[in-house]
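Asks: Here's my sequence, what's the structure:
(2 chains)
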Amino acid sequence: MPTTEKLKKVALQVRRDIVRMVHAVNSGHPGGSLGCTDYLVALYFEVMKHNPEFNMDAIGEDVFFLSNGHISPVFYSVLARSGYFPVKELSTFRKLNSRLQGHPTTHEGLPGVRMASGSLGQGLSVALGAAQTKKLNGDKSLVFTLHGDGELQEGQIWEAAMYAAHNKVDNIISTIDVNGQQIDGSTDQVLSLGSLRAKFEAFGWEVIDMDGNNMDEVIKTLNYAKTQTGKGKPVVILMKTEMGFGVDFMMGSHKWHGVAPNDEQLAQALAQLEEPVGYNYCGDY
Amino acid sequence: MKKYTFTEKKDTRSGFGAGLAELGKTNPNVVALCADLIGSLKMDAFKKEFPERFFQVGIAEANMIGLAAGMTIGGKIPFTGTFANFSTGRVYDQIRQSVAYSDKNVKICASHAGLTLGEDGATHQILEDIGLMKMLPGMTVINPCDFNQTKAATIAIADHHGPVYLRFGRPTVPNFTPADQTFEIGKALMLNEGTDVTIFATGHLVWPAIEAGEALAEMGINAEIINIHTIKPLDDEAILASVAKTGCVVSCEEHNRLGGLGDSIAQLLIKNKPVPMEYVAVNDSFGESGTPDQLMTKYGLDKNHIIEAAKKAISRK
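Replies: Here you go, the predicted model:
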C-alpha cells in the first residue's frame, strides 16, 4: 500500500480514538485534535526518525514537543499507535490514576512525553533548549514543535522566536496550527494575529505554508521543511487546518474546542470515520 | 562559645560566580544562561572560559527558563542567572510547568535577593521568593550565608539531580565559613551550642545571628546558633534536637515573615514540639530605597532585633 494511503488509514483510526476518548470521560478537546491529526500521523509514522523504546535524552533521534497541550487526545493516540505504550491505555484518558493526564506530563512517566504542556506559550522555548543541546552534543537529528495559532498571543513565543533567529537555531521545525479559532471565538474576533508570515519573516524565520488536512501535502511539506534545516535559520510551517476535521458537525467552529460529543453525536461521528479494519495499526481499542 | 572571625567581606554573588567557573572546568555538562546581567551575576569568568556553553538570552526571563528546561534533554545541567525577582515571581508559571512539574534538572540561581540590594528599591527587592519556590513540589531551596558557602553550594547542586533554587545577594558580608568546606544539601550547621534559646538563621542573617549570640552571652544568655542554609528539604532532625534542649526559638531571614524559613520551622514545631517562637523577618511589606544597613535596621533584620527577639522568646517559656 502506498505511504499516503497507509497514513490516511492511520489518521482515520486516530480520529476515531479522539472522539471515543473525549466521549468516554465527557471532557477534553476534540476540535484541535481532529484538525492536527494528519500532521501528527505524518510526523510519527513517516517523517521523524524516532524510537518508541522511549529515552528522555533522545540522543540521535528526532524529538517532538506539543506546546498546545490541550490537544492531548491526538498526541496520546498517535503515541500509542506508533508503539510508545499499549493502545488499550487510551481508555484511561483523564481518569484517576492514569498516565494520560488531561494535559500531557512527564510526571506520570508516560513514554513519549518530554515536557509538561497546557499552560500555553512555553513549548517553543523548551524545544529551542533541546535543539541547542543537540548541537552541543554534535547530534544531527531534529526538533519538531506544534503550537496553536491562539497560543501565539502569549508573549513568551516571541521571546523564543527572537532568540531562535539570533542564535541560528536551524535544527528546529515549528508548526503553527492555523485554524483561526480559540475558546472565545475566532482569532480575528479575540485578538487578531495579522500576517503570521510577515511576523515570522520579520523575526528571521524561514516560513512555509501547508494545507494540514491533505495527507499528500503534509508529507511532502514536512519532507521539504527538513531540507530547509541547517541553513542558519529556524523553520516554521504555517499549517492551515479545519478545527474538527473529519466530523462534519464539528468542523469550522470554535464551539468544539473543548466540548465532548454525547452518545448520539459520537455515533454520528464514528459513522463518518469508518473503522479501517485489517491494517496493522488499526482497530478500536 | 566558639568565636568566629573573618579576614574580609565578600559578596555571595561572587561566590556563585567562582563556583560556576570551577564547575565549568570539572563538569562538561554544566551550561549557563543569563538574561542580560552577566556582570551583576558574576558570570563573566564562565562566559570567558566556556563561551560555547554560555547562552546570553537577553531580557527574556520566561524564555530563559524554558530554554534551560529543554537543555536538560540530552544531559546538560543548566544554571540560569538573573536577579531573584526575575528568577521567581516573573517566571513562576514557567518554573512550575516546564521545570518542576516536568522534573527537569535546572538550577535557578538568583542574585540581589531581599532588601540588601539597596537603592534600587522595592521593584527589585523580592521578599517572597523563598515562599514561592518552596511551595513547588520537588524543588530544593538553598540560601547560603557567605562567599565560601555560596561557592560550595553552587558546586554541590550540580551533583544533585533535580530542580534547585539557589538564592544569594549583592552586598559584601563577612566571609567566615571555611574555604574548603563540603556543602551538604539539607544539613543544618551548628555554629554555637547553647541551652537557653535556638536562633535559626539563613543567608545574610547568619552573621548578625552570630553577633547577637555574642551579645546575648555577655548578658548571661546562652544562645544556640544554627545556620539553616537549606530551607527545603529542612533538617527536621537537627531543628527538633536543638529545640528539645533550648525550649524556644528565633528564626531569622531576609524575607517576608509569611512563607519563609520561619514558617517552615513553625510548621515542624507545631506537629512535633510546640514552643515559644519569634520571627526576625520583614513584616508583610514591600521594601524601599536606602543603603543595605539602613534597610536592615528599618525593617527589623539587624543584630539588635535578633537580640530582642531572643529575649522575648525566652520570656515566653
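Asks: buried set for stretch B:259-268?
Replies: Buried residues in stretch B:259-268, defined by neighbour count with 16 or more other C-beta atoms under 10 Å in any protein chain shown: B:Gly259, B:Gly260, B:Leu261, B:Gly262, B:Asp263, B:Ser264, B:Ile265, B:Ala266, B:Leu268. Heads up, the C-betas are built off the backbone N, CA and C, glycines and all.
Asks: quick one, longest helix in the chain?
Replies: Chain wasn't specified; assuming chain A. helix A:3-25 (DSSP state H).
Asks: was after chain B, sorry
Replies: Per DSSP H, chain B has its longest helix at helix B:12-26.
Asks: Name the residues of that one that are buried.
Replies: So for helix B:12-26, counting by 16+ other C-beta under 10 Å, buried means B:12-24.
Asks: Now A:Lys231: which helix or strand?
Replies: Under the criterion DSSP states H and E, no helix or strand holds A:Lys231.
Asks: ok, the residue lying closest to it once chain neighbours are set aside to chain B distance?
Replies: Nearest residue to A:Lys231, sequence neighbours excluded (C-beta to C-beta, 6 or more residues apart in numbering or on different chains): A:Asp170, at 5.8 Å. In this view, A:Asp170 and chain B are 16 Å apart by C-beta to the nearest C-beta, to the nearest Å.
Asks: from what I can see, A:Asp170 looks like it's in a strand, true?
Replies: No: the assignment for A:Asp170, made by DSSP: H, G, I helix; E, B strand; the rest coil, is coil rather than a strand.
Asks: how near is it to B:Leu20?
Replies: Counting by C-beta to C-beta, to the nearest Å, the gap from A:Asp170 to B:Leu20 is 28 Å.
Asks: Give me every residue in chain A lying close to chain B.
Replies: Contact residues (C-beta under 8 Å from any C-beta of the partner chain) of chain A with chain B: A:56-59, A:63, A:65, A:105-107, A:114-119, A:121-134, A:136-137, A:139, A:155-156, A:159-160, A:162-163, A:166-167.
Asks: How is chain B divided into domains?
Replies: As recorded under automatic domain parsing, the domains making up chain B are B:9-174, B:189-315.
Asks: quick one, helices of chain A?
Replies: Using DSSP H, helices in chain A cover A:3-25, A:30-35, A:37-42, A:72-81, A:123-136, A:155-166, A:187-190, A:196-202, A:215-227, A:263-272.
Asks: Correction: the previous question concerned the stretch 1-150 of chain B.
Replies: Along the stretch 1-150 of chain B, counting by DSSP state H, counting those that start in this stretch, helices occupy B:12-26, B:38-41, B:44-49, B:61-71, B:84-87, B:92-94, B:129-134, B:147-158.
Asks: Let me have these in JSON lines, extended by mean pLDDT and distance to chain A.
Replies: Shown next, in JSON lines, are the helices of the stretch 1-150 of chain B (pLDDT from 0 to 100; distance: least, C-beta to the nearest C-beta, whole Å):
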{"stretch": "helix B:12-26", "mean pLDDT": "98", "distance to chain A": "14"}
{"stretch": "helix B:38-41", "mean pLDDT": "98", "distance to chain A": "16"}
{"stretch": "helix B:44-49", "mean pLDDT": "98", "distance to chain A": "15"}
{"stretch": "helix B:61-71", "mean pLDDT": "98", "distance to chain A": "2"}
{"stretch": "helix B:84-87", "mean pLDDT": "98", "distance to chain A": "13"}
{"stretch": "helix B:92-94", "mean pLDDT": "98", "distance to chain A": "5"}
{"stretch": "helix B:129-134", "mean pLDDT": "98", "distance to chain A": "16"}
{"stretch": "helix B:147-158", "mean pLDDT": "98", "distance to chain A": "16"}
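Asks: who in chain B is up against chain A?
Replies: So chain B meets chain A at B:31, B:52-53, B:55, B:57-58, B:60, B:62-76, B:78, B:93-94, B:96-98, B:101-104 (C-beta under 8 Å from any C-beta).
Asks: Filter those residues down to the buried ones.
Replies: Buried, going by 16+ other C-beta under 10 Å: B:31, B:53, B:55, B:57, B:60, B:62-74, B:76, B:78, B:94, B:96-98, B:101-104, out of the residues of chain B next to chain A.
Asks: coming back round to it: could I get the helices of the stretch 1-150 of chain B in TSV, plus columns for distance to B:Pro171?
Replies: Below are these laid out as TSV (distance: least, C-beta to C-beta, whole Å):
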stretch	distance to B:Pro171
helix B:12-26	8
helix B:38-41	13
helix B:44-49	19
helix B:61-71	23
helix B:84-87	14
helix B:92-94	26
helix B:129-134	17
helix B:147-158	11
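Asks: Point me to the residue of the stretch 151-285 of chain A nearest chain B.
Replies: A:Glu159 (3.8 Å; C-beta to the nearest C-beta).
Asks: tell me the contacts of A:Val190?
Replies: Going by C-beta atoms under 8 Å, 6 or more residues apart in numbering or on different chains, A:Val190 touches A:Gly150, A:Gln153, A:Gln182, A:Asp184.
Asks: Just among those residues, which is most surrounded?
Replies: A:Gly150 (24 neighbours; other C-beta atoms under 10 Å in any protein chain shown).
Asks: ok, residue 5 - how many residues close by?
Replies: Using chain A here. Other residues lying near A:Glu5 total 10 when counted by other C-beta under 10 Å.
Asks: my question was about chain B
Replies: If we define neighbours as other C-beta under 10 Å, then B:Thr5 has 6 of them.
Asks: So it versus chain A, what's the distance?
Replies: Counting by C-beta to the nearest C-beta, the gap from B:Thr5 to chain A is 44 Å.
Asks: and that residue, what pLDDT?
Replies: pLDDT recorded at B:Thr5 is 96.
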